[in-house]
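What follows is a protein structure lacking sequence information:
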């Protein structure tokens, strides 16, 4: 007999070696035998001798400028101050690596005549002389706009007093005009010029079918139309491109279109108003960027916007502030929850077969800021910390279906009914489903309500229970989900709520003798199926870990806060402190009584044979016992006088209790959920062709999405020629994926171009 193999975690956390210091959850430093190694996500980032100060300074600067850690964490880990780290940055910028090896002591002061401008400073001045904006320069150089602005101030740059803005071409330049056919002119209503300004933008938006720009790599005309309020969203126009990095992400377009996100968002939001980057472009860009592991707008500055823009048919991808602004605009409409519900409804229509079991669990997002927010228990940190709890509903494959943010970290037992009420509205009144959750949702009263709502339950039993003899367990074997499973199981009926609620209990016996009781309302299922479905709950735990590390689901999307509900009832902190005092005094009293008993035993059987010695010791301990007993009574009276719960308004003193803003975070959760679903759909397409799909399916899809490709736009087709992968068998799997995607006959959003995928033949 061998137990079922446990499900493998997607990312195993290695044990820390001696001498390892963690900078944060991504970076650690290991020192051994005079050598120091820096790891980022478990991969060697740098290594050097601890005596090499210049190498250490360079490693610290690279860690910060790569965005893996902030200055304070790096300085604390390496034993420097943040000011020293900033000084190293300045030395590297102005003098290169040789400047980092400067000896200790006061530096030699050079006159301003001998100071040389850094190459980056010269580039900034040259671009500014061409009247480029700070934002454009920052995107070109991979800097923040603030860094460009501070550099210009340091260099003494001043704007020109006479700005030269002209819509006319320079003398001698060749102008390419977009040609409008006579048929288009005849179709234009003659009353266009007589329309009022209010109706003009809508008319042009409806009748425009092509971009007015002659070159796909220069969308100046469309940007001008957007600035004039005549364009709601730039049409994708693709340029023939060879070897475009990351163009493999276009493999996700059929699944993205099938998800219904774009059509649903158009019905809910309509339009973002006149803009070059409109609603469709913003959503497509955000989902594709998430699939490329660019899950935050702030990360965009590390990638060339021109290359990313060609992937979606634009001259450049929206930059950090633009994408932030679009997300804020969508969040201000307060419709992200409706968007999530409609996307879930479409998912149910397309993948209803995997909804027989629904897994519900809460994911706690820890908050490390300075504001006062409600606390929650963070399991991976093993402590209660300021946090926000999201409750996710996943199907039996582990794919997300729905997400809800709890008010003030409400317990799962109180969130089950509200969450499942929305799920019931999505599933319909006739469809039955089994809800699987952990002990946090244990409540027989809630079980009764869920059964009345048409749901079956499957959960671990909470609390004490009678031990079952090992002789009563029997071996069960089966092949479930394509793999053999075997458990030692015992089943019996159990009753709760004074016999009103009758459920079925299936208990598993492990090799160590531990008994795991499972309670369900499904009587027709085999016991081994009940146990298997309960233990498959770890798929959802792996889902949380995957989203946290790959999609940065825990990261803040903004720094906005909302006032907490002042009437919300919370535990009284004063009573909590009083309870702790009573408990501590009780522990002290028990120790005194143990000491009293030990003294009496020593008198009867031990070394204390004299009556006088025992009487002195006994009197001393009894006086302390009486004193502690009186103190406990006073503490109990004080504890009972305090209310168990109070409102937030009564507890607030000096610092206001707030909660993190939820609208924009929920919107990005929905978009990242769609990105994850897209990955899952692609994994299912390669399942028949890839034997290691359970272990390497998502890794393969990530590799395919990051693949280089040629883009070949044709009359009615957008041809994507992908580069072959690292081995022939992987390239064959990619070819099978392309064949399956071509059968969908998907049009690229916003165009009439049908997606067609092929894999280029190997070079040798």
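Perfect, I can see it now. Please read all numbers here as calculations on a predicted model, not as lab measurements.

Going by C-alpha atoms from here, please, whenever you check contacts or count neighbours.
OK.

Could you report the neighbour count for residue 406?
A count of neighbours around residue 406, defined by other Cα atoms under 10 Å, yields 18.

I meant to write residue 540 there.
Residue 540: 24 neighbours (other Cα under 10 Å).

Could you measure from it over to residue 362?
10 Å (Cα to Cα, to the nearest Å).

again with residue 703
30 Å.

now swap in residue 755 and tell me
Distance from residue 755 to residue 362, by Cα to Cα: 38 Å.

These two: which is more packed in?
residue 362 (26 against 23).

I figured the more buried one hits residue 387, correct?
No. Shown here, residue 362 and residue 387 do not form a contact pair, counting by Cα atoms under 8 Å, at 11.9 Å.

buried ones in the longest helix along the chain?
Ordering each helix of the chain by length in residues (DSSP state H) puts helix 573-605 first. Using 16 or more other Cα atoms under 10 Å as the test for burial, helix 573-605 gives 575, 578-579, 581-582, 585-586, 589, 592, 596, 599-600, 603.

which residues touch residue 157?
The contact partners of residue 157, by Cα atoms under 8 Å, 6 or more residues apart in numbering, come to residue 125.

pLDDT of stretch 465-477, averaged?
For stretch 465-477, mean pLDDT is 94.

I'd like the distance between the residue most central in space within the chain and residue 286.
Nearest to the mean C-alpha position of the chain, by Cα atoms, centre = their mean, lies residue 553 at 1.0 Å. Remark: distance between residue 553 and residue 286 (Cα to Cα) = 14 Å.

Which stretches in the stretch 601-750 of the chain count as helices?
Here the stretch 601-750 of the chain has its helices, by DSSP state H, counting those that start in this stretch, at 611-641, 648-651, 663-686, 693-705, 728-742.

And those helices, which one averages the lowest pLDDT?
helix 648-651 (a mean of 74).

That one: which residues count as buried?
Buried-residue list, helix 648-651, by 16+ other Cα under 10 Å: 648, 651.

cool, stretch 225-243 as well?
In stretch 225-243, the ones that count as buried by 16+ other Cα under 10 Å are 225-226, 229-239, 241.

residue contacts, the residue nearest to residue 70 when sequence neighbours are not counted?
In this structure, residue 70 finds its nearest non-sequential neighbour in residue 64, 5.8 Å apart by Cα to Cα, 6 or more residues apart in numbering. Applying Cα under 8 Å, 6+ apart to residue 64 gives the contacts 70, 71, 74.

looking at it, the second one is touching residue 79, isn't it?
It stands for residue 71. No. Assessed by Cα under 8 Å, residue 71 is found out of contact with residue 79, at 11.8 Å.

Please identify which of those two sits among more neighbours.
More crowded of residue 71 and residue 79, by other Cα under 10 Å: residue 71, with 20 against 9.

State the pLDDT value of that one.
85.

Numbering from 762 from now on, please.
OK, 762 is where the count begins now, so the last one is residue 832.

Name the nearest residue to it, sequence neighbours excluded.
Setting aside the residues directly before and after it, residue 832 is nearest to residue 843 in space (Cα to Cα, 6+ apart), at 5.8 Å.

Show me how the record splits this protein into domains.
781-861, 880-915, 978-1094+1424-1520, 1334-1403 (automatic domain parsing).

Quickly compare those and say which is most buried.
Across the domains of the chain, averaging neighbours per residue (mean count of other Cα atoms under 10 Å) puts domain 978-1094+1424-1520 on top, at a mean of 19.

Give me the buried positions along stretch 1275-1290.
1276, 1278, 1279, 1280, 1281, 1282, 1283, 1288, 1289, 1290.

Just the element for residue 1285, please.
Under the criterion DSSP states H and E, no helix or strand holds residue 1285.

how far away is it from residue 1265?
Going from residue 1285 to residue 1265 by Cα to Cα gives 10 Å.

And residue 1183, by the same measure?
The value you get for residue 1183 to residue 1265, if Cα to Cα is used, is 27 Å.

quick one: which of the two has more around it?
Between residue 1183 and residue 1265, residue 1265 has the larger neighbour count (other Cα under 10 Å), namely 18 against 13.

Where does pLDDT dip in this structure?
Scanning the chain for pLDDT under 70 picks out 762-778, 863-879, 903, 921-970, 1367-1374, 1413-1416, 1525.

How about the strand of greatest length in it, which residues are buried there?
The longest strand of the chain (DSSP state E) is strand 1244-1257. Under the neighbour-count criterion of 16+ other Cα under 10 Å, strand 1244-1257 has 1246, 1247, 1248, 1249, 1250, 1251, 1252 buried.

Going by contacts, tell me the helices and strands next to the helix or strand just after it.
Once the chain leaves strand 1244-1257, the next helix or strand it forms, by DSSP H and E, is strand 1262-1270. Other helices and strands packing on strand 1262-1270, by 3 or more Cα pairs under 8 Å, 6 or more residues apart in numbering; DSSP states H and E, are strand 1244-1257, strand 1276-1281, helix 1288-1296.
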